[in-house]
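Visitor: just need the structure, nothing else, for what follows:
(2 chains)
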Amino acid sequence: MEQKQTDKNLERKIQEAFQTTIPETEVLDKKLQEAYEQIQNAKRKKKPRLPLAVKCSTAAAVLLLAMVYCVKNPAWAAKLPFIGDIFNQLQEQVPYPGDYSSSAITLPDVKKEQKDGSPAQTDAADQNGSAKRADETDRSSSAKRADATDPGGITNHADASEQNNTAKRADTADPSDTANGTNRITSDGVTVTLSEVSFDNKAMYLALLVQNEKGFAQNLFDELELGFECWVTMYKKDGSKEEFNDVDGTYLAYHAQGEYLDAHTFRGLAQFTNTKLDLSKYTSCEITFTDFWQRLATGKEKKANIPVTGEEVTIVDHDIVHFKGNWSFQLDVNLTKDTAQEVIIREANDQGVGIEKVVKTKYEIYAVPILPEGANEYDYFITMWDADGKPLDDHGHSGGKNIYGRDVSEITVYVLWWEDFFDSKGENTYLQPKKALYQTKVKFQDETGND
Amino acid sequence: MMETLVQRAMKKDAESFIKLMEEYRQPMKKVAYGFFQNEEDVADVMQQTVLDAYEHVGKLKKAAHFKTWLIRILINNCNQLYNSKKRMLTGVETAEKTYVDEYPWENAFFSLLSMLHKEDRVIFMLYYGEGYTTKEIAKMLAMKESTVRSRIHRGKEQLRSHMQGEEWI
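Guide: Purely as a prediction, here's the structure:
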């Protein structure tokens, strides 16, 4: 008995000792600062490399001229079949496939063009005006807002008039209207059109067309990607707002996936989400793009040894081309038609591992785990199998599972310790039921996941 | 938040990566002090680890593995530096003496480390300080799980006798 008590004391003393904070030293500060500067300088050194002239076939040259004309004449561009139809074209090719097109909202400029063939607010003066307004106000106001944000990332609504205006617009507008009525903006020769939007309570999906007068780079590392940096401000019903941006590491999206139609045109989809996002809290949002970038196939090759194994590999530090500007859009977040189903489980095993609830949205299923006190969420993996006993794939970056084309009338949820998860993936998936710390079955009303 | 930072760092975002390094600064330092008593050595090995990690972070497949992966790199660098320093010394005894004795500060953490064999310190740090299981530690250090367990047992016995002698427990 006494020995057991001594053991307990010993364990406690050891744990306490290892939790002690170690003092900082000047030499460590200096060395780490040097390392950080090296990292930041390496990033800055990457210079844009514009594409070399390409030998075009006659047909390709005609298409190229057509696209340049298109950028100059948006009305003509609007008549091309891909505007207003981007979800339909790409929704099965992205890593989060879904039937977005059937519930997508076509945004006003595109809608108007589809109706009468004339562009809305897209003549040169208007476009310049939009870009100017964005340049003058949005970026600086975003920065100000970021400064004022509390550590939790939530701000009280200081500039009430702006929010009230937005809220009013949201109340009175057609649900498909953007708050400021334009969803096409040109900045420094790059025109960004948000053509369609779709929501569930976990993510916002945008279809966008990016037309670049100067031309995009050609020799890409990933030919299906156009990267971007953007700031998102989400407005809540109570007048407060929340910022998501790269600076805080709280960004919701960093790239669009789709295709380059030619040297000047990219169309793609972007999923704005994170594992904790709940869109039902918000009424509208402002999305400000500040940079579109492409990662090239070229770059500096380096030989390196993989730590632990010592294996020598060649690593390419890819060159990146940037197209900087300011494209600021306002959108209403409309979830009135969302029909997310929530099944409360609230059950855990003896180890304190379990599931609080499982939620099915239009496009995905996700589970909220119960974990032992002090446990790290990233040490556990949740997997789900459909009614046919097949594992569901990840749904992009949302943390949920994709349900497109799957029978999810009944799903099985497994919670695995991270190491067991890696031992039971791929061809070893069949081991998951055996290795799971906790498992449960959940039934949903609709097999297809549609409303 | 942490997962988001890791995902961003995996895309070579320098700011996110640096934030992560600051988040993991204390655990990294503790592991490094499991190998070295000298603050210059700790600073050198952490600098190298930060640069190596940034160079390879794009190859990391799962954000959830980041911390373990980072500590593995650190341990690898510690081993390399330790071995190179050991080779520079003339005999094992001298080397052992250099790497067993004094730490630059006195607090519970360093007192406890100094009571342990050098080869047990990192294991203790990972097990008690960072909460890794014996199985995970065995994988990280490329040794048998039974060895990890026996080292923990041996270390605990050693600490018990030290602590009882000094009336810690």
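
Visitor: got the domain boundaries for chain B?
Guide: Domain assignment for chain B, taken from automatic domain parsing, gives B:1-101, B:105-169.

Visitor: in which helix or strand would I find A:Ile344?
Guide: strand A:341-348 (DSSP states H and E).

Visitor: how close does whichever residue of chain A sits closest to chain B sit to A:Ile355?
Guide: In chain A, the residue that lies nearest chain B is A:Phe18 (3.6 Å; C-beta to the nearest C-beta). The C-beta positions use only the backbone N, C-alpha and C, and glycine is treated the same way. Distance, A:Phe18 to A:Ile355, using C-beta to C-beta, to the nearest Å: 32 Å.

Visitor: now do B:Asn77
Guide: 40 Å.

Visitor: also A:Thr25?
Guide: A:Thr25 is 45 Å from A:Ile355, by C-beta to C-beta.

Visitor: these two: which has the busier surroundings?
Guide: Comparing A:Thr25 with A:Ile355 by other C-beta atoms under 10 Å in any protein chain shown, the one with more neighbours is A:Ile355, at 23 against 16.

Visitor: A:Ala436 is in contact with the more buried one, correct?
Guide: No. At 11.1 Å, A:Ile355 and A:Ala436 do not qualify as touching, with contact defined as C-beta atoms under 8 Å.

Visitor: re the thing from before, burial count for the residue of chain A closest to chain B?
Guide: Count around A:Phe18 with other C-beta under 10 Å applied: 21.

Visitor: can you check A:Phe199 too?
Guide: 26.

Visitor: how many other residues sit next to B:Ala14?
Guide: 18.

Visitor: how about the residue of chain B found nearest chain A, phi and psi?
Guide: Nearest residue of chain B to chain A: B:Gly129, at 3.6 Å (C-beta to the nearest C-beta). Torsion angles at B:Gly129 (phi, psi; degrees, to the nearest 10) stand at phi -80, psi -40.

Visitor: what count of nearby residues applies to A:Glu347?
Guide: 11.

Visitor: before we move on, what about A:Ser101?
Guide: 18.

Visitor: ok but it is inside a strand, no?
Guide: No. A:Ser101 is assigned coil when assessed by DSSP: H, G, I helix; E, B strand; the rest coil, not a strand.

Visitor: A:Thr298 - nearest residue in space that isn't next to it in sequence?
Guide: A:Asp319 (5.1 Å; C-beta to C-beta, 6 or more residues apart in numbering or on different chains).

Visitor: surely that neighbour meets A:Glu301?
Guide: No. Counting by C-beta under 8 Å, A:Asp319 stays clear of A:Glu301, with 11.7 Å between them.

Visitor: out of these two, which sits in the busier spot?
Guide: Legend: neighbour count by other C-beta under 10 Å for A:Asp319 and A:Glu301, higher for A:Asp319 (20 against 9).

Visitor: tell me the spacing between that one and A:Asn212.
Guide: Looking at A:Asp319 against A:Asn212, where the rule is C-beta to C-beta, the gap reads 17 Å.

Visitor: for A:Gln351, report the pLDDT, please.
Guide: A:Gln351 carries a pLDDT value of 90.

Visitor: helices or strands next to the helix or strand B:Gln7 falls within in the packing?
Guide: For B:Gln7, the host element (DSSP H and E) is helix B:2-10. Contacts defined by 3 or more C-beta pairs under 8 Å, 6 or more residues apart in numbering or on different chains; DSSP states H and E place helix B:2-10 against helix B:14-23.

Visitor: okay, the helix it packs on in PDB with CA atoms only?
Guide: The C-alpha trace of helix B:14-23 is given here as PDB (Å, rounded to 0.1, in the frame of the first residue of the first chain):
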ATOM      1  CA  ALA B  14       6.300  30.900 -43.900                       C
ATOM      2  CA  GLU B  15       4.300  32.900 -41.300                       C
ATOM      3  CA  SER B  16       2.200  29.900 -40.300                       C
ATOM      4  CA  PHE B  17       5.300  27.700 -40.100                       C
ATOM      5  CA  ILE B  18       7.000  30.200 -37.800                       C
ATOM      6  CA  LYS B  19       4.000  30.400 -35.600                       C
ATOM      7  CA  LEU B  20       4.000  26.600 -35.300                       C
ATOM      8  CA  MET B  21       7.700  26.600 -34.400                       C
ATOM      9  CA  GLU B  22       6.900  29.100 -31.600                       C
ATOM     10  CA  GLU B  23       4.100  26.900 -30.400                       C
END
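
Visitor: now do that helix and helix B:2-10, the angle between them.
Guide: Interaxial angle of helix B:14-23 relative to helix B:2-10 (axes from the mean of the first three to the mean of the last three C-alpha atoms, to 10 degrees): 130 degrees.

Visitor: need the contact partners of helix B:14-23.
Guide: For helix B:14-23, contacts defined as C-beta atoms under 8 Å, 6 or more residues apart in numbering or on different chains pick out A:32, A:36, A:39-40, A:42-43, A:246-247, A:249, B:2, B:5-6, B:8-9, B:28, B:50, B:53-54, B:57, B:66.
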